[in-house]
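Peer 1: Structure for the following, please:
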Amino acid sequence: KIPDIIFLDYEMPVCDGKMTLEMIRQLEEAKDIPVVFLTGVKDKEHIKAVLELKPSGYLLKPASVDSIFGIIDKVIG
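Peer 2: As a prediction, the model looks like this:
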């Protein structure tokens, strides 16, 4: 099954969120799935590198329930 939306953290074991998003974008069946970062990474360099990949959103932890549901509504309706 293909998900409607993917939430990624920046810091993950094995490969980081940026690398994961790059891999998702290379998969034909997954390249159009909206990807939102939900992370505690506030470093400008990391944020800039991720935003260059054009994720559907970038939320900082701790994110409120309203902001999470707001981005879901904005991205997938």
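Peer 1: okay, now residue 35: neighbour count?
Peer 2: By the other CB atoms under 10 Å criterion, the neighbourhood of residue 35 contains 23 residues. Heads up, the C-betas are built off the backbone N, CA and C, glycines and all.
Peer 1: didn't it look like it was pressed against residue 3?
Peer 2: No: Residue 35 lies out of contact with residue 3 (CB atoms under 8 Å); the separation is 9.9 Å.
Peer 1: residues of the helix or strand bottoming out on mean pLDDT in the chain that come out buried?
Peer 2: Confidence across the helices and strands of the chain bottoms out at helix 44-51, with a mean of 89, counting by mean pLDDT, DSSP states H and E. Taking 16 or more other CB atoms under 10 Å as the basis for neighbour counts, the residues of helix 44-51 that come out buried are 46, 47, 50.
Peer 1: List the residues that contact the last one.
Peer 2: Residues touching residue 50, when contacts are defined by CB atoms under 8 Å, 6 or more residues apart in numbering, comprise 10, 17, 18, 21, 37, 58.
Peer 1: Double-check the fourth one against residue 35; I have them as touching.
Peer 2: Spelled out, that is residue 21. Yes: using CB under 8 Å as the test, residue 21 is close enough to residue 35 to be in contact (5.5 Å).
Peer 1: How about residue 60: what's its closest non-neighbour residue?
Peer 2: Leaving out its chain neighbours, the residue that sits closest to residue 60 by CB to CB, 6 or more residues apart in numbering is residue 42, at 6.3 Å.
Peer 1: Next, residue 71: secondary structure please.
Peer 2: helix (DSSP: H, G, I helix; E, B strand; the rest coil).
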